[in-house]
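A.B. asks: predicted structure and sequence below. I'll ask about it afterward.
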Amino acid sequence: MKKVQIFTDGACSGNPGAGGWGAVLKYMGHRREMSGYEPDTTNNRMELTAAIMALKALKEPCDVTLTTDSKYLVDGMTKGWARSWKFRGWKKSDGKPALNPDLWEELLELSDIHKITFVWIKGHDGNPENERCDALAVGEYSSRQKGDAR
């Protein structure tokens, strides 16, 4: 399997509000940057979307190290929360509905294709790839708030 590094971040102006996501994919000296926008979303949805879109960009099953500053994303996958929520019909252990089941479902499907190691890093702490992903995410909603039609 090809070894790929993915860095992701999501951001919102207001929560909910206009949001953006950014991702950097690295493979054997190659680099790809991706980003996107949602007009009415949450920070957590953008964090999950960044990971999903980056993984969907891979053309074959890969050994992925996915680095993010989202504890929600990392804990949801590494602590088995998302699989438990799915098993219980998208309900948390307290019986309340799990948020973002559509995105968790997609991420779980992608995790069955790829071998993914999720790594959490502190955000806004000088990691160049995390800072770049944040800039991509913020740039997406900022440009649209200023009237950039993209």
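C.D. replies: Arrived safely.

A.B. asks: list the contacts of S84.
C.D. replies: By Cβ atoms under 8 Å, 6 or more residues apart in numbering, the contact set of S84 is S93. Quick note: C-beta positions are derived from backbone N, CA and C, even for glycine.

A.B. asks: so, low pLDDT: which residues of this protein?
C.D. replies: 146-150 (pLDDT under 70).

A.B. asks: now the helices for it?
C.D. replies: Per DSSP state H, the chain carries helices over the ranges 43-56, 71-78, 81-87, 101-113, 128-145.

A.B. asks: could you check the angle the last one makes with helix 43-56?
C.D. replies: For the pair helix 128-145 and helix 43-56, the angle between their directions (axes from the mean of the first three to the mean of the last three Cα atoms, to 10 degrees) equals 110 degrees.

A.B. asks: which residue, other than its chain neighbours, is closest to N43?
C.D. replies: If the residues on either side of it in the chain are set aside, N43 comes closest to C12, at 4.5 Å by Cβ to Cβ, 6 or more residues apart in numbering.

A.B. asks: test my guess that that neighbour contacts W21.
C.D. replies: No: between C12 and W21 there is no contact under Cβ atoms under 8 Å: 9.9 Å.

A.B. asks: neighbour count: the two, which is higher?
C.D. replies: The neighbour comparison of C12 against W21 (other Cβ atoms under 10 Å) goes to W21, with 31 against 23.

A.B. asks: much appreciated, bye for now.
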